[in-house]
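# Compute the structure for the input listed below.
(chains A and B)
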Amino acid sequence: MANEIQYIFDKDNLKKSEPGKFSTDQLKRDEMIINIGPQHPSTHGVLRLEVISNGEEIVDIAPHMGYLHRCFEKHAESLPYNQTLPFTDRMDYVAAMNNELAFAMGVERMLGIQNNIPKRVEYIRVLVAELNRLASHFIALGTFGMDIGAVSAFFWMIRDREHILRMLEWVSGARMLYNYIWVGGLYYDLPVGFEERCAQFITYLKPKLEELEQVLIQNKIFVERTANIGVLDPQLAINYGVTGPMLRGSGIKYDIRKADGYSVYPEIEFDVPVGKGEMGTIGDCWDRTSVRMQECYESVKIIEQCLTQLTGDHKRTRSFDPRAAVPKKIRPKAQELYVRAENPKGETGFYFRADGRSDIPFRCKARGASFMNLSVISALAKGSLVADLIAIFGSIDIVLGEVDR
Amino acid sequence: MIAFLFFLVFFLVYALIAVYGERKISAFIQDRYGPMEVGYYGILQMIADLLKIIQKEDIIPFAADKRIFKPAPIIVFTAIFAGFAIIPLTSDFMGSEVEAGIFYLLAIVSLDVLGILMVGWGSNNKYALFGAMRAVAQIVSYEIPLGLTVVCVVMISQTLSLQEITYQQGIWWNTIDPDAQNYLFGIKALGIETTAIGGILTWNIFRVPLFLLAFVIFFIASLAESNRTPFDIPIAESELVGGFHTEYSGFRWSLIMLSEYGIMLLVSFLAVVLFLGGWNTPFPNIGSVELATWTSGTPGTFTGHLWGAFWMISKAFTLVFIQIWIRWTFPRLRLDQLMNLSWKYLTPAAIILVLLSALWRMLMI
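Down below sits the predicted model:
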């Protein structure tokens, strides 16, 4: 009876599929269960937070996810590597270039062609990845401001992000989901005139960043709302596998761009900003936001250096073909490989297992930084106020596409 | 009756202007255009919105307490609208010449809290209840610094009538009280009489320079009274979705929104009357250059009405503009920080101001 559905009924199965973790019987006096999400203005997508609250105070909290699950890993197991690449865009969809970079790097390492990639291609990759990091941090800062109640900053950030999206659209033809970085190369070279426009954009952006810092980050009310709120101490952060600006906000100087030194990052000078507890405790919401703000300046530095390289040593030439090293057939040897890269949210990793006989990976596991970062919320927000929960949640900066993949 | 109809129409027209203004001002702050499609520069956008709101279905949740849910927006609106009855729009145009005007105003605006509580409780929604509880806690605690600053003005002016307070702040005080005299900074000992000079020199914030502080406290408290940012925690959309009016739609929702804008104007009117000279002109008479007389018309005549309404409304609109400006600039405070501000800073400061105003009153005699 192979084509018949086998199902053994068990009473507990129904209970397992119930949507809530908490039940009304366990409530104490004056407590109630509130569902924040999946349709809520500040869950940044379709996350559901199940909260037990005692008035304004949060007693317990459980995040429920899976509302945006699109089976990335299953797709990856049934498609060739190069066809899986566009799916990585859909993971962290506000920083698609960074995902592509990680995935492409992984496949290149499996094929053993990572040293054949031309320098110009690598610099372009880093350039677009950093542009996208800026765009992602703009969304993070802007929506965090909106969660705190400052709506204007969000629109300013969207305005500046729009310039980046237009440039990346010019590069790749798409606004958000680019499929620009290919295994072994790029879709196309940069369009003619891109370097100049990018330089112009950087000149435009610098005062805007300072303006944002003055209006939002240094604002007295903003500091009051975020300092000493949601303090994530380094130990807890490491235990939960938190990475990215959240981990650096807790004072740990760990950046995979420095630690691994992939692509051309070792040739580029930049700092790794960490939280210093300027306004409160190390690892509070303000520190995380401040780290993102500082990272924007660092990204600008990296972009400037990439532009100097792209207009200097690795100038555009007529004969340059960004697809020269693109393999015609992607069939890695039987192996297991984990590749990681610094995404704006944290460590994005792909684990591949190839059997050496097919173009399709036997297994492809994706590590979403947002997923790990989000898991810490119940530890952070317990015992705080509802308004603080929103602030903590905003400072984690998740993208639901990456949480659910 | 005329005043009632006038204020009703004025209220509605103002709401249209204020919503349009809010959207445009926020747009300019945020580097956008705002409404641009309906009419030239989007002027008719609000009329289109109004038509849309009227056509909307009046959704009443199944689990709501209908006897409370249905009339609640009307109570909110009535409480705010009744406040306009004693606003002296011009020198002799007001709904009702109540002698205890300010007292009535503070009492009737407090009814607004009742309406909001009914809105939140009747909706039978957890977010709405959160919003309503926050609103009540906030409005009740900010009424204290607000009331204390009003007491300062009442002590200096020696009257509760808003019309009389306004007369005291301009060149026409002598028409209702022939013996009255205004002095610079209110201090008789200085010997500089300003009764006939008028203008900004006789406004309360100039008559008693202390009132500049009182005005700031009043303005902050009035922001909290009207649930505006940075004190918009009852309707904090990032936390409570829609706050206390989450469950409302259509006309009932628009009544709540209308009263929200109404109270912005009401507290601005009150601030103008108490501190900024009411319907009096800001220009003083300087010798033969009688700027004050030229720009204020005689009370009771047509020009008097025109100038009075002009100054009153333009001053109030300026304050409304500042409220909008603040809303689109600042983040919002948390509930406990809000209470801290009220009980630890504003209330003690207002109490000290009451004492100082009493001393100042002694200097004035």
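
# Leaving out sequence neighbours, find the closest residue to B:Ala221.
Leaving aside its chain neighbours, B:Ala221 sits nearest to B:Leu146 (3.9 Å; criterion: CB to CB, 6 or more residues apart in numbering or on different chains). All C-beta spots, glycine's among them, are computed from the backbone N, C-alpha and C.

# Same question for A:Ser78.
Nearest-residue entry for A:Ser78: A:Ile360, 6.5 Å, with adjacent residues in sequence omitted and distances by CB to CB, 6+ apart.

# before we move on, what about A:Lys208?
A:Asp160 (5.7 Å).

# The residue positioned nearest the centre of chain A and chain B: what is the separation?
Ranked by distance to the mean C-alpha position of chain A (CA atoms, centre = their mean), the top residue is A:Lys345 at 3.4 Å. Remark: distance between A:Lys345 and chain B (CB to the nearest CB, to the nearest Å) = 20 Å.

# Now do the same contact list for B:Thr329.
A:Ala150, A:Ser152, A:Val215, B:Ile29 (CB atoms under 8 Å, 6 or more residues apart in numbering or on different chains).

# for the chain, longest helix please?
This is for chain A. Counting residues, the longest helix found in chain A (DSSP state H) is helix A:119-148.

# I was thinking of chain B, sorry if that wasn't clear
Chain B, longest helix under DSSP H: helix B:126-157.

# residues of that one that come out buried?
B:126-139, B:141-154, B:156-157 (16 or more other CB atoms under 10 Å in any protein chain shown).

# Show me which residues of the stretch 251-400 of chain A sit near chain B.
Applying CB under 8 Å from any CB of the partner chain, we find that the stretch 251-400 of chain A lies next to chain B at A:Leu385, A:Val386, A:Ala387, A:Asp388, A:Ile390.

# switch the cut-off to 10 Å
When proximity is defined by CB under 10 Å from any CB of the partner chain, the stretch 251-400 of chain A lies next to chain B at A:Leu385, A:Val386, A:Ala387, A:Asp388, A:Leu389, A:Ile390, A:Ala391, A:Phe393, A:Gly394.

# Could you spell out which stretches of chain B belong to which domain?
Annotated domains of chain B cover B:1-55, B:65-364 [automatic domain parsing].

# Check these for me and report the most buried one.
domain B:65-364 (a mean of 20; mean count of other CB atoms under 10 Å in any protein chain shown).

# how far out from the middle of the chain is that one?
Here the centre of domain B:65-364 is set off from its chain's centre by 4 Å, with CA atoms, centre = their mean, to the nearest Å.

# ditto for stretch A:298-316
23 Å.

# picking up where we left off before, now go through the residues of the stretch 251-400 of chain A next to chain B and say which are in helices.
Per DSSP H, those map to helices at A:Val386, A:Ala387, A:Asp388, A:Leu389, A:Ile390, A:Ala391, A:Phe393, A:Gly394.

# ok so, going back, which residues does the residue nearest to the centre of chain A contact?
A:92, A:94-95, A:98, A:133, A:136-137, A:140, A:243-246, A:368-374, A:396-399, A:402-403 (CB atoms under 10 Å, 6 or more residues apart in numbering or on different chains).

# quick one: what helix or strand has the residue nearest to A:Lys208 in it?
For A:Asp160, the enclosing helix or strand under DSSP states H and E is helix A:151-172.

# which helices and strands does that helix pack with?
helix A:96-111, helix A:119-148, helix A:194-212, helix B:2-29 (3 or more CB pairs under 10 Å, 6 or more residues apart in numbering or on different chains; DSSP states H and E).

# Where does the prediction get shaky in the chain?
Reading this off chain A. A:1-7, A:13-18 (pLDDT under 70).

# Sorry, I should have been clearer: chain B.
Ranges of chain B meeting pLDDT under 70: none found.

# if you skip the residues just before and after it, what's nearest to the residue nearest the centre of it?
When CA atoms, centre = their mean is applied to chain B, the residue found nearest the centroid is B:Val267 (1.3 Å). In space, and not counting its chain neighbours, B:Val267 is closest to B:Ser222: 3.7 Å by CB to CB, 6+ apart.

# now that neighbour: how far from B:Ser268?
Counting by CB to CB, to the nearest Å, the gap from B:Ser222 to B:Ser268 is 8 Å.

# Equivalent analysis for B:Ile235, please.
In terms of CB to CB, B:Ile235 sits 19 Å off from B:Ser268.

# ditto for A:Val128
51 Å.

# do A:Asp92 as well
Applying CB to CB to A:Asp92 and B:Ser268 gives a distance of 46 Å.

# residues contacting the closest residue to B:Lys188 other than its chain neighbours?
Excluding the flanking residues, the one nearest B:Lys188 by CB to CB, 6+ apart is B:Met364, at 6.3 Å. When contacts are counted by CB under 10 Å, 6+ apart, B:Met364 touches B:Ile156, B:Gln158, B:Asn182, B:Tyr183, B:Phe185, B:Gly186, B:Ile187, B:Lys188, B:Ala189, B:Arg207, B:Val208.

# With respect to chain A, which of those is nearest?
Nearest to chain A among these: B:Val208, at 29.1 Å, using CB to the nearest CB.

# That closest one reaches B:Asn182, doesn't it?
No. Counting by CB atoms under 10 Å, B:Val208 stays clear of B:Asn182, with 11.3 Å between them.

# which residues in chain A form strands?
Counting by DSSP state E, chain A has strands at residues A:31-36, A:48-54, A:57-64, A:181-182, A:185-186, A:335-342, A:347-354, A:363-367.

# between the third one and strand A:31-36, how many degrees?
Looking back up the chat, that one is strand A:57-64. Interaxial angle of strand A:57-64 relative to strand A:31-36 (axes from the mean of the first three to the mean of the last three CA atoms, to 10 degrees): 40 degrees.

# Please list the residues of the stretch 101-250 of chain A that sit near chain B.
So the stretch 101-250 of chain A meets chain B at A:143-156, A:158-160, A:215-216, A:219-226, A:229 (CB under 10 Å from any CB).

# I only care about the residues you listed that end up buried; give me the PyMOL line for that.
A single PyMOL command is used to select the members of those judged buried by 16+ other CB under 10 Å:
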select buried, chain A and resi 143+144+145+146+147+148+149+150+151+152+153+154+155+156+158+160+215+216+219+221+222+223+224+225+226+229
